[in-house]
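In: I would like to see how this sequence folds:
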Amino acid sequence: MKCEWVRENITLHVYGELADDARHELEQHVERCADCAAELKAEQRFHTLLSQERAEGPTPNLLAASRMRLQEALETAEQGHFWHRLAFDPANWLRQVRFSPALASAILILGFAGGVGTSYKVLGHQPTTTTSGTAATPAEASITGIRSITQDPATNTVNIQYDTVTTQKAEGSMNDQRIQQLLLFAARNNYNSGVRMDSVDLLTQKPDVSQVREALVYALRYDTNPGVRLKALDGLGGFVKNDTRVRDVVLEALVNDSNPGVRTEALRLIEPVKADGSVRGVLMTLAAKDQSQYIKSQARTMLAQLPEID
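Out: Below you'll find the predicted structure:
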């Protein structure tokens, strides 16, 4: 066994992730090799040190934003590297299979599942239906993406095509729970900015639903497309006066958003609540030193319309 392989797998050994036969061979090698033994002790000390500190989990917003960025990165990433490694480095795969029975089992199961899936597809795959005859909506975890969203102007029926293993379709009104869930999924997770915009546009019809409002807040804060953020502002505008959380998010967009159109719309939305203390403070900051001359001028105009504070 080479020292290089041992050092590559020391971390797996410390965390108990090595297969039994691989762990046994690694331990035997460490007994004979002083350098690898020192490397193992250092890794064990580092693991002990980390274990003394309690790791904090990611916040839901950070997790959702990370998933969106990952999907966008995967969409633009070059393809084919996996098959290249499989075709041109078979020895590495054989080594992994030799020291990891779990990997070998996974490959066997994957091959079996692929054969069953192919047979199922040949026999003719039909979407799962409910007792009423309409397509059942799968769990969010099984949806790989939303392909398109359209609404029939005549009937207001929303038509959503989404991908699991194959592309499926759901139809219903905006009051349909299945449609709402798919729209919420598309607004937060879809890599296609056009689909996200269509989804947010339709969700603005139901801003009173708490989950919808949360999705609009998320889109305003984290979506990379300014058109989507503008749509989210449109849906949140009616709540700036009575919902302080929405007001804070709109103020955040006014101060930090990179798009002038989004900032201008946010400034317009806070007009009815410009006397609020937090809004007044933001306006004073913008009037003093904002880089946009238009924003600075409008902020000064709004402040001039307010009564003086005694």
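In: quick one: low-confidence ranges for the stretch 151-300 of the chain?
Out: 165-167, 189-191 (pLDDT under 70).
In: the helices in it, which residues?
Out: For the stretch 151-300 of the chain, helices defined by DSSP state H, counting those that start in this stretch occupy the ranges 177-189, 193-203, 210-222, 226-236, 244-256, 260-269, 277-289, 293-304.
In: possible to save the ones you listed as JSON lines with mean neighbour count and distance to residue 28?
Out: C-beta coordinates here come from the backbone N, C-alpha and C atoms, glycine included. Below are the helices of the stretch 151-300 of the chain laid out as JSON lines (neighbours: other CB atoms under 10 Å; distance: least, CB to CB, whole Å):
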{"stretch": "helix 177-189", "mean neighbour count": "21", "distance to residue 28": "47"}
{"stretch": "helix 193-203", "mean neighbour count": "23", "distance to residue 28": "54"}
{"stretch": "helix 210-222", "mean neighbour count": "20", "distance to residue 28": "50"}
{"stretch": "helix 226-236", "mean neighbour count": "23", "distance to residue 28": "57"}
{"stretch": "helix 244-256", "mean neighbour count": "19", "distance to residue 28": "57"}
{"stretch": "helix 260-269", "mean neighbour count": "19", "distance to residue 28": "62"}
{"stretch": "helix 277-289", "mean neighbour count": "15", "distance to residue 28": "66"}
{"stretch": "helix 293-304", "mean neighbour count": "15", "distance to residue 28": "69"}
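In: possible to save those helices as TSV with distance to residue 7?
Out: Shown next, in TSV, are the helices of the stretch 151-300 of the chain (distance: least, CB to CB, whole Å):
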stretch	distance to residue 7
helix 177-189	38
helix 193-203	43
helix 210-222	39
helix 226-236	46
helix 244-256	45
helix 260-269	50
helix 277-289	54
helix 293-304	56
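In: what's the closest residue in space to residue 295 that isn't next to it in sequence in contact with, if anything?
Out: Leaving aside its sequence neighbours, residue 295 sits nearest to residue 286 (CB to CB, 6 or more residues apart in numbering; 5.6 Å). Each residue near residue 286 by CB atoms under 8 Å, 6 or more residues apart in numbering is listed here: 254-255, 295-296, 299.
In: And residue 286, how far from residue 21?
Out: Distance, residue 286 to residue 21, using CB to CB, to the nearest Å: 66 Å.
In: Repeat that for residue 183.
Out: For residue 183, the distance to residue 21 (CB to CB) stands at 50 Å.
In: same question, residue 212
Out: Taking CB to CB, one finds residue 212 at 53 Å from residue 21.
In: do residue 267 as well
Out: 66 Å.
In: likewise residue 263?
Out: From residue 263 over to residue 21 (counting by CB to CB), the distance is 61 Å.
In: Ok, residue 30 next?
Out: From residue 30 to residue 21 the distance is 15 Å (CB to CB).
In: swap in residue 272?
Out: Applying CB to CB to residue 272 and residue 21 gives a distance of 71 Å.
In: What backbone torsions are found at residue 175?
Out: The phi/psi pair for residue 175 (degrees, to the nearest 10) reads phi -80, psi -10.
In: give me the number of residues near it?
Out: 9 (other CB atoms under 10 Å).
In: ok, now residue 151?
Out: Neighbour tally, residue 151, other CB under 10 Å: 17.
In: How about the contacts made by the closest residue in space to it that isn't next to it in sequence?
Out: Nearest in space to residue 151, with sequence neighbours left out and distances taken as CB to CB, 6+ apart, is residue 158 at 5.1 Å. If you count contacts by CB under 8 Å, 6+ apart, residue 158 has them with 149-151, 171-174, 176, 179, 183, 202.
In: quick one: residue 158 from residue 172, how far?
Out: From residue 158 to residue 172 the distance is 6 Å (CB to CB).
In: Check residue 149 too.
Out: 12 Å.
In: And for residue 46?
Out: Following CB to CB, the distance that separates residue 46 from residue 172 is 54 Å.
In: Retrieve the pLDDT associated with residue 58.
Out: Model confidence at residue 58, given as pLDDT, is 66.
In: Give me the buried positions along stretch 23-31.
Out: Across stretch 23-31, burial judged by 16 or more other CB atoms under 10 Å covers 23, 25-26, 29-30.
In: I'd like to know the average pLDDT value across that stretch.
Out: The model assigns stretch 23-31 a mean pLDDT of 87.
In: And the contacts of it?
Out: 1, 3, 6, 9-10, 13, 18, 36-37, 40, 99.
In: same thing but 6 Å
Out: 1, 6, 13, 36-37, 40 (CB atoms under 6 Å, 6 or more residues apart in numbering).
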